[in-house]
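>>> my questions are about this predicted structure, shown below with the sequence.
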Number of protein chains: 4
Amino acid sequence: MKQDTALIIIDMINKMDFDGGEYLLEHTLPMTERLHSFKKELKEEGLPVIYVNDNFELWQDNVSDLIDECKKGRGEPVIEQILPDEDDYFIIKPKHSGFFGTQLSILLEHLEVRNLILTGIAGDICVLFTANDAYMREYDIWVPEDCVASEQEDDNENALKIIRRSLFAETGKSTEVDRNEVFSH
Amino acid sequence: MKQDTALIIIDMINKMDFDGGEYLLEHTLPMTERLHSFKKELKEEGLPVIYVNDNFELWQDNVSDLIDECKKGRGEPVIEQILPDEDDYFIIKPKHSGFFGTQLSILLEHLEVRNLILTGIAGDICVLFTANDAYMREYDIWVPEDCVASEQEDDNENALKIIRRSLFAETGKSTEVDRNEVFSH
Amino acid sequence: MKQDTALIIIDMINKMDFDGGEYLLEHTLPMTERLHSFKKELKEEGLPVIYVNDNFELWQDNVSDLIDECKKGRGEPVIEQILPDEDDYFIIKPKHSGFFGTQLSILLEHLEVRNLILTGIAGDICVLFTANDAYMREYDIWVPEDCVASEQEDDNENALKIIRRSLFAETGKSTEVDRNEVFSH
Amino acid sequence: MKQDTALIIIDMINKMDFDGGEYLLEHTLPMTERLHSFKKELKEEGLPVIYVNDNFELWQDNVSDLIDECKKGRGEPVIEQILPDEDDYFIIKPKHSGFFGTQLSILLEHLEVRNLILTGIAGDICVLFTANDAYMREYDIWVPEDCVASEQEDDNENALKIIRRSLFAETGKSTEVDRNEVFSH
């Protein structure tokens, strides 16, 4: 079945070994299970899943090494719940936006994807930056608010507000939004 | 005198003929005079001034036509106060970020600029998008809060909060901040 | 009539005031009339025409100034024959490829163009660089050999050979090639 | 020791399972040993080595899988001689130029590299495309002619001619050129 929508999972393979990482972990752990179920539902419908993940200063483009390295950090319990499957796509990004210095645009063109469901962490940094870049590239965007987290709840809320207001994107919950309505056009 | 800082003026040549343009005009008019004085002060010190401006659906890269077209709209009183001088740089952008689909990076490299003072409208859209892209390209950023405006004041505040929090950028007033301190490194 | 093909005219607004410019002029003058007729034919069929042109160290994005400046140089007799019409698109580029630091991709997306007829000068520099970038972006390409020129004929031939061999592009003459066959797919 | 020069090794991890791959293998095998020795010499001097390699339709950014996959093809004897060391950088590219859709620019900036020694295959495609993009980004370039190969020798020669003529790059042999002279400026 041809699909023009993809699930993007941002920075969930995360060492969280920075200042404030403990708050990010606190807000990410509760949503990881939901994101994992959501991923399973979408894969059953045939949607491609694309991990887009920080390189954590490794520049060897080797996902297995990256996962091993990140597991050494605070984010290990998150990582264990959301490991990529063999048939998931994986893009290592060097900066905040998933589109900057990566093959994401080219992969999406290759898959003929036009609609993006953006999930992951942190909502007010890498998810927001990726959403901005997606919007300028004319993708339609949905950021399910129960599948993103930030260090601080009000910063997360602010980012979602910007995403709704400036990017005209849907931010309703993964359990409540009808995907066909969001992306009907 | 060699300068590694530039003043960026975003979308001030603006038709404001969209929904909500009346609110944007209301918040932009009062800050235009301040921005104009600030521009004069910085030029006297030898800093380059770079207008980065939406194309308003003109694709001929002709600034004089673009200004004429925009003057037909609601933003005319703003435009008259902040017209580019002959020795200002001017970059026409097709999308929200000043870096996307433009020569801005190349011009900044050519001028050996590393520090950006970002001003203009709208604070929660094109200024924010440009700030994000500047941050990923490792420029140091200052967004003087008395030289930006948005349609809604609280959206403007949100955007400034994101800029401070996620981009580690200075947002103090143009009249109060010591530029050398912001960009000392 | 919807058209998915555009004519790209590269660097014909050219000062030719560099070393070797006299040779470039010598090879460009004879093909300018042919390119001009070809442009007229294509416009009659409704195809968009996009000039993509070096900025000649002007950074004000003002086409009229750029044309005035270039007319001061050796290329003036070429420029007079191939001036842009009011309804032609014009993109000022800062470097060799028409795609690098410009809105060309965004304009082509906006026009829904997928096929490019690349013409202009110099065949072994800016035309070749633009062709490479077009190929990586998955455009189909035709470089009519009677509408390109370089300083040296054998360099021009080399570049056309690379374009045929490495980009799988058509290089037959504008008067002989059936456009529908080149771009049929 | 700080180094501003890097060795770039293009597409040597190569399945060569395409039409003409047998000719590419024939011309690549004899230069692989030379490239390997050159790599060793440069590493001893402290220069960073960056593999930039096609993804061969794998989109998982996992170098170990990519090497395993490529070893199944005709290029296996080349791969065995030029495997990346643990401390080499590795960038997976989706298209012909090493700069397109990759983090190469960002890594070079991070390493403070300004001079590139470009090697690998094929000389008339991916090496040429990468050289063009490097030139537009204002890197200084040396393409040692005894460390590149193409399917056809005359195409390889043509590409080197373009690189000398249009990119003003050095193309002398790895055994004869004084690196400090090429990059002295």
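Happy to help now that I have it. Residues are numbered from 1 along each chain as shown, chains lettered A, B, ... in the order given.
>>> return the residues of chain A in contact with chain B.
Within chain A, the positions near chain B by CB under 8 Å from any CB of the partner chain are A:95-97, A:100, A:124-125, A:128-129, A:132, A:135-136, A:155, A:158-159, A:161-162, A:165-166. Heads up, the C-betas are built off the backbone N, CA and C, glycines and all.
>>> among those residues, which are within reach of chain C?
Checking the residues of chain A next to chain B against chain C (CB under 8 Å from any CB), there are no matches.
>>> close to chain D, is the longest helix along chain A?
Looking across chain A with DSSP state H, the single longest helix is helix A:21-44. No - judged by CB under 8 Å from any CB, helix A:21-44 stays clear of chain D, getting no closer than 15.5 Å.
>>> run through who's touching that helix.
Helix A:21-44 has contacts (CB atoms under 8 Å, 6 or more residues apart in numbering or on different chains) with A:7, A:9, A:12, A:14-16, A:49, A:73-75, A:77-78, A:81-82, A:85, A:117, A:119-122, A:144, A:146-153, A:156, A:174-175.
>>> which among those count as buried?
Buried subset of those (neighbour count, 16 or more other CB atoms under 10 Å in any protein chain shown): A:7, A:9, A:12, A:14-16, A:49, A:73-75, A:78, A:82, A:117, A:119-122, A:144, A:146-152, A:156, A:174.
>>> quick one: residues in contact with the helix or strand containing residue A:130.
In the assignment (DSSP states H and E), residue A:130 maps to helix A:128-136. Outside helix A:128-136, the residues that touch it by CB under 8 Å, 6+ apart are A:8, A:10, A:52, A:96-100, A:116, A:118, A:141, A:143, A:159, A:162-163, A:167-169, B:95-97, B:100, B:128-129, B:132, B:136, B:162, B:166.
>>> strands - which of those residues land there?
Of those, the ones assigned to strands by DSSP state E are A:8, A:10, A:52, A:116, A:118, A:141.
>>> Throw those residues into TSV and include pLDDT, thanks.
Formatted as TSV, the ones in strands among the contacts of helix A:128-136 follow (pLDDT from 0 to 100):
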residue	pLDDT
A:8	98
A:10	98
A:52	98
A:116	98
A:118	98
A:141	97
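>>> thinking again about what came up before, drop anything exposed from the contacts of helix A:128-136.
A:8, A:10, A:52, A:96-100, A:116, A:118, A:141, A:143, A:159, A:162-163, A:167, A:169, B:95-97, B:100, B:128-129, B:132, B:136, B:162, B:166.
>>> who does the one helix or strand residue A:70 maps to touch, helix- and strand-wise?
Taking DSSP H and E as the definition, residue A:70 sits inside helix A:63-71. Using 3 or more CB pairs under 8 Å, 6 or more residues apart in numbering or on different chains; DSSP states H and E, the elements in contact with helix A:63-71 are helix A:76-81, strand A:89-93.
>>> how distant is it from the center of its chain?
17 Å (CA atoms, centre = their mean, to the nearest Å).
>>> what's the answer for stretch A:24-32, then?
That offset, for stretch A:24-32, works out to 14 Å (CA atoms, centre = their mean).
>>> now do the buried residues in it.
Quick answer for stretch A:24-32 (16+ other CB under 10 Å): A:24-25, A:27-28, A:31-32.
>>> pLDDT on that stretch, on average?
Stretch A:24-32 shows a mean pLDDT of 97.
>>> burial count for residue A:87?
9 (other CB atoms under 10 Å in any protein chain shown).
>>> residues making contact with the lowest-mean-pLDDT helix or strand in chain A?
Here the helix or strand of chain A ranked lowest by mean pLDDT, DSSP states H and E is helix A:179-182, holding a mean of 86. With CB under 8 Å, 6+ apart as the test, helix A:179-182 has contacts from A:5, A:115, A:117, A:140, A:142, A:170.
>>> could you list the buried residues of that helix?
A:179, A:182.
>>> ditto for stretch A:35-42
For stretch A:35-42, by 16+ other CB under 10 Å, it's A:35-36, A:38-39, A:42.
>>> including distance to residue C:89 and pLDDT, could those go into a markdown table?
Listed next are these as a markdown table, based on distance: CB to CB, whole Å; pLDDT from 0 to 100:
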| residue | distance to residue C:89 | pLDDT |
| --- | --- | --- |
| A:35 | 44 | 98 |
| A:36 | 48 | 98 |
| A:38 | 43 | 98 |
| A:39 | 43 | 98 |
| A:42 | 40 | 97 |
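>>> just those residues now: which is nearest chain B?
Distance to chain B across those (CB to the nearest CB) is lowest for residue A:35, with 21.4 Å.
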